[in-house]
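Q: fold the following for me, if possible:
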Amino acid sequence: MARLLRRDAVLDGMPSIQRFGEGEHKSIGDIASRGQTIFLAPDMPVTYGEIVALGDFFGDWQSLYQLAKKPGISAGTRGEVWYAVLVKIRADLEGRGEKQAESQGLGKFFDKTAMAAVTARFQALAVTNISHFPNPKRGDAGRSQADKSADFKTMGAGASYRSNHVAALTMAAAIGQRHRKTLSPHPGNNQGRDTLNDALMLEAFGGHFLTDAFSAGHQQTERASVQEYWDLKIPEFSSNFQGWLAQSIVMYLRKKGGAARAVTPQYARDRIALPSVRAAMAKLPKLSFGDVVSDAIHGYFNKHGAEAEVNGRKITLVGDSHLLSKGTQRHVTDESRDTFDAAAAAVRAGIEEVYQAADMGRQGADPESVADKIFKASGGLFAAEKLLPTLTPDSAVVDPRHKSLDWQLTSHKDFFDDARFVEGFEISLQRYARMVSGSLAGLTAEQMEAVQEVFAKPLLAGGDSIRRLFDEVIGYKPISGGGVDPDLLPDLSDLRTGKY
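A: As a prediction, the model looks like this:
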């Protein structure tokens, strides 16, 4: 048992993220659990599937639990949890707009500080989310699931699920031993002090990593290795980007004339534009070039799918946001049925082992030994782990769109020789353009016009434009030298306030 549990501390505080749509996670969990209710606090019922989905908003179950038990609507209270559940998860499944859901819950279940806290955490977790990828290292697709689930150093999706699952089994056995009663899985059974509520909460949180493993984009993205390789080759991408953006804003405004020409580009960049850009982007995570590349792979396969084998059956996995239909009354489609059913079966298998552990505890087994006994009796894999997808090797892939992308290239320029990588960049960078532009919304109108012209529009214009932008950012050289024209010093106050 110690062998299985000793790595739990690795999970504590370990950030995560990447996702099926939040409503997709919820739907899988709710179907698999047959509508199970989980109480995060005695007066805070949510569904099993909503706990599964909350894995995108909280780095570990401990953080979620601590917030949920603290009454309130502001940051640092359960207001954060309610905002994630009501606005990000339920509204997504129902096909409702977030603005409508926000207006209905604001001031009642959460306030703006809670909203800001959830958003900031979500964005920070989004770029440090190796725990959501089942094959995070190069060659992982060819490794056994037993090896990956025991790789607590890398802590991919398999190891993240196992860590939570072992904790859930141990807790379930302790509950069973304490109450010595038979517990069978059916809706509502977990209500009350003497039931499996807390164990099922841990299992549901672990189910997030389990369900992520059924996403095509997650399966095909070797997240840790991509990040390590490209961050070593291009280590200054994030700082280069901010310097390049500030300088590009200055040069754009100088071309328009006015007070922007009163000072040198160096002075305007370093004393005015760069501090403004840094302050505006302070709440955004630092995006490395490894993040950019892995997000392109992730986006491409989310769109096109990936071939895999699940429990001896060949299926085509769909990607994030492709599991349910669009619009209201979202439902599983013909294309996504295999993926949905396979993911739900894995989640259900994990739940059944939780009840098995409780029964073993009821019969007198030491809770600390139960997970290990189940593990060994199952042949060295837990039930859900046996149902995880195995990617089809490229040599056996039917649809060429489903073959893996070669990311270990000599130069960033080489990506643009592969049309599939170009498509991946076009998909992923649209979202980043909106995120950065949104963070800079506090700048003046003319500054925002410059952001749109030098950054957002080129990023959205497609392959050749993206390549040029990469060249400029990666090769960024600050303009140096110069001073201030004394005849135009009075205009400097206008420059500082953006009145160009």
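
Q: show me where the stretch 401-500 of the chain has its helices.
A: Counting by DSSP state H, counting those that start in this stretch, one finds helices in the stretch 401-500 of the chain at the ranges 419-439, 445-451, 457-460, 463-474, 492-497.

Q: what is the subsequent helix or strand relative to the helix or strand that contains residue 161?
A: In this structure, residue 161 is located in helix 157-179 according to DSSP states H and E. Counting by DSSP H and E, the element after helix 157-179 in chain order, helix or strand, is helix 197-212.

Q: and the angle for that following helix with helix 157-179?
A: Helix 197-212 runs at 160 degrees relative to helix 157-179, counting by axes from the mean of the first three to the mean of the last three C-alpha atoms, to 10 degrees.

Q: report the distance from whichever helix or strand comes after helix 197-212 to the chain centre.
A: Downstream of helix 197-212, the next assigned helix or strand under DSSP H and E is helix 216-219. Here the centre of helix 216-219 is set off from its chain's centre by 12 Å, with C-alpha atoms, centre = their mean, to the nearest Å.

Q: equivalent analysis for stretch 130-149, please.
A: A distance of 17 Å separates the centroid of the chain from that of stretch 130-149, by C-alpha atoms, centre = their mean.

Q: pLDDT at residue 369, what is it?
A: Reading off the per-residue confidence, residue 369 sits at a pLDDT of 97.

Q: what about it, how many neighbours?
A: Residue 369 is flanked by 14 other residues according to other C-beta atoms under 10 Å. Quick note: C-beta positions are derived from backbone N, CA and C, even for glycine.

Q: if we can go back for a sec, for the helix holding residue 161, packing partners?
A: Packed against helix 157-179, as judged by 3 or more C-beta pairs under 8 Å, 6 or more residues apart in numbering; DSSP states H and E, are the following elements: helix 2-5, helix 8-11, helix 145-149, helix 197-212, helix 337-362, helix 367-377.

Q: most tightly packed of these?
A: With neighbours defined as mean count of other C-beta atoms under 10 Å, the helices and strands packed on helix 157-179 peak in mean count at helix 197-212, which reaches a mean of 28.

Q: what is the orientation angle of that one with helix 337-362?
A: 150 degrees.

Q: got the contact list for the helix or strand harbouring residue 232?
A: Taking DSSP H and E as the criterion, residue 232 maps to helix 223-233. Residues from elsewhere that reach helix 223-233, judged by C-beta atoms under 8 Å, 6 or more residues apart in numbering: 129-130, 133, 136-138, 154, 156, 237, 288-294, 297, 407-408, 412.

Q: rewinding a little: can you tell which of the helices and strands packed on helix 157-179 is closest to residue 82?
A: Proximity to residue 82, assessed across those by C-beta to C-beta, is greatest for helix 197-212 (16.2 Å).

Q: tell me the helix or strand right after the lowest-mean-pLDDT helix or strand in the chain.
A: Every helix and strand in the chain was compared by mean pLDDT, DSSP states H and E; the lowest is helix 8-11, with a mean of 29. Per DSSP H and E, the first helix or strand lying C-terminal to helix 8-11 is helix 22-32.

Q: who touches the helix or strand just after that next one?
A: As assigned by DSSP H and E, the chain's next helix or strand after helix 22-32 is strand 37-41. Where contact means C-beta under 8 Å, 6+ apart, the residues beyond strand 37-41 that reach it are 45-48, 50-51, 64-65, 68-69, 78, 81, 187-188, 190-191, 197, 200-201, 204.

Q: now the helix holding residue 161: buried residues?
A: By neighbour count, and taking 16 or more other C-beta atoms under 10 Å as the criterion, the buried residues in helix 157-179 are 157-177, 179.

Q: surely residue 220 and residue 294 touch.
A: No - in this structure, residue 220 sits apart from residue 294 without contact. The criterion is C-beta atoms under 8 Å, and the distance is 10.2 Å.

Q: and the two? Which one has more around it.
A: residue 294 (30 against 27).

Q: in which helix or strand does that one reside?
A: With secondary structure defined by DSSP H and E, residue 294 is part of helix 289-304.

Q: show me what that helix is packed up against.
A: In terms of contacts (3+ C-beta pairs under 8 Å, 6+ apart), helix 289-304 is packed against helix 216-219, helix 223-233, helix 419-439.

Q: mind checking how far it is from the chain centre?
A: With C-alpha atoms, centre = their mean as the basis, the mean position of helix 289-304 lies at 12 Å from the chain mean.

Q: for stretch 408-418, same thing?
A: Between the centre of stretch 408-418 and the centre of its chain there are 25 Å (C-alpha atoms, centre = their mean).

Q: same question, stretch 417-436
A: Between the mean C-alpha point of stretch 417-436 and the mean C-alpha point of its chain there is a distance of 17 Å (C-alpha atoms, centre = their mean).

Q: now do the buried residues in it.
A: Neighbour-count burial for stretch 417-436, counted by 16+ other C-beta under 10 Å, picks out 420-429, 432-433, 435-436.

Q: then stretch 21-41?
A: Across stretch 21-41, burial judged by 16+ other C-beta under 10 Å covers 21-33, 36-40.

Q: before we move on, what about stretch 85-101?
A: Of the residues in stretch 85-101, 85-93, 101 count as buried by neighbour count, 16+ other C-beta under 10 Å.

Q: residue ranges with poor pLDDT in the stretch 151-300 of the chain?
A: Per-residue confidence for the stretch 151-300 of the chain (pLDDT under 70) gives these ranges: 180-194, 258-259.

Q: hmm, residue 208 is touching residue 59, no?
A: No - counting by C-beta under 8 Å, residue 208 does not reach residue 59; the two are 11.1 Å apart.

Q: for residue 409, grab the count of nearby residues.
A: Applying other C-beta under 10 Å, I find that residue 409 has 16 neighbouring residues.

Q: how far away is it from residue 234?
A: The spacing between residue 409 and residue 234, counted by C-beta to C-beta, to the nearest Å, is 12 Å.

Q: can you pull the contacts of residue 459?
A: Contacts here follow C-beta under 8 Å, 6+ apart; on that basis residue 459 touches 429-430, 432-433, 465-466, 469.

Q: tell me the one of those nearest residue 266?
A: Proximity of the contacts of residue 459 to residue 266 was ranked by C-beta to C-beta; the top entry is residue 469 with 22.0 Å.

Q: if I look at the closest residue to that closest one other than its chain neighbours, how far off is residue 242?
A: Here the nearest residue to residue 469 in space, its sequence neighbours aside, is residue 458; by C-beta to C-beta, 6 or more residues apart in numbering that works out to 5.1 Å. According to C-beta to C-beta, residue 458 stands 17 Å off from residue 242.
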